[in-house]
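[1] sequence? don't have it. structure:
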């Protein structure tokens, strides 16, 4: 069974939650976090699950605790981003996307490859493609898993940029 990343987790919300927890000495109750983030527990759940899957937080009873990796991400640590990118590649759809980066792919091609693995977001392929594109736009670009060419609609490996000497 493939491990699938929560499709409703939003990068901005995850980062916001991490900043709140970090500001309050790295630990707080789930109910307090919900109040401070102006959401309810159900609203937070996919974002907390994504943060937990990536090793950014841990849950202990009613408390949400930021991990050292989560703290480093809040501080925009490059090595933390690389560690998280490595973890993201272990979850679908990023795992399959990563395997197709050598030749590049469209969201349609990725959706078909995932459908072959019985991984879909609803029965409508167009809905799955919208979900996939949203996930890739947020997570894959921020963590430099892939780059997107808006003209061709294709995803490819991130080219290393070197600064001029």
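    Perfect, I can see it now. All values derive from a computational prediction rather than experimental measurement.
[2] tell me the domain ranges of the chain?
    According to automatic domain parsing, the chain comprises the domains 11-74, 92-156.
[3] is it possible to get a markdown table of those that adds mean neighbour count?
    Where you see a C-beta, it was placed from the backbone N, CA and C, and this is true even at glycine. Listed next are the domains of the chain as a markdown table, based on neighbours: other CB atoms under 10 Å:
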| stretch | mean neighbour count |
| --- | --- |
| domain 11-74 | 17 |
| domain 92-156 | 16 |
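[4] residue 3: which of those domains is closest?
    Across those, residue 3 has its closest neighbour in domain 92-156 (6.7 Å, CB to CB).
[5] for the residue most central in space within the chain, give me the pLDDT.
    Centroid check for the chain by CA atoms, centre = their mean gives residue 139 as the closest residue, at 4.3 Å. The per-residue pLDDT reported for residue 139 equals 97.
[6] do residue 162 as well
    For residue 162, pLDDT reads 48.
[7] one more: residue 155?
    Turning to residue 155, the model gives it a pLDDT of 96.
[8] residue 66 versus that one, what's the distance?
    For residue 155, the distance to residue 66 equals 31 Å [CB to CB, to the nearest Å].
[9] could you tell me the end-to-end distance of stretch 25-33?
    Length of stretch 25-33, first residue to last, CA to CA, to the nearest Å: 13 Å.
[10] average pLDDT for that stretch?
    Mean pLDDT, taken over the full extent of stretch 25-33, equals 92.
[11] quick one: that stretch to chain centroid distance?
    21 Å (CA atoms, centre = their mean, to the nearest Å).
[12] where along the chain do the helices fall?
    11-23, 30-36, 41-53, 68-74, 78-88, 94-99, 107-116, 125-135, 141-142 (DSSP state H).
[13] could those helices go into CSV alongside distance to residue 4?
    Formatted as CSV, the helices of the chain follow (distance: least, CB to CB, whole Å):
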stretch, distance to residue 4
helix 11-23, 16
helix 30-36, 23
helix 41-53, 10
helix 68-74, 21
helix 78-88, 12
helix 94-99, 9
helix 107-116, 9
helix 125-135, 10
helix 141-142, 19
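[14] may I see the domains of the chain organised as CSV, with distance to residue 84 added?
    CSV is the format used below for the domains of the chain (distance: least, CB to CB, whole Å):
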stretch, distance to residue 84
domain 11-74, 5
domain 92-156, 6
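[15] for residue 81, which of those domains is the nearest?
    Among those, domain 92-156 comes nearest to residue 81, with 5.8 Å by CB to CB.
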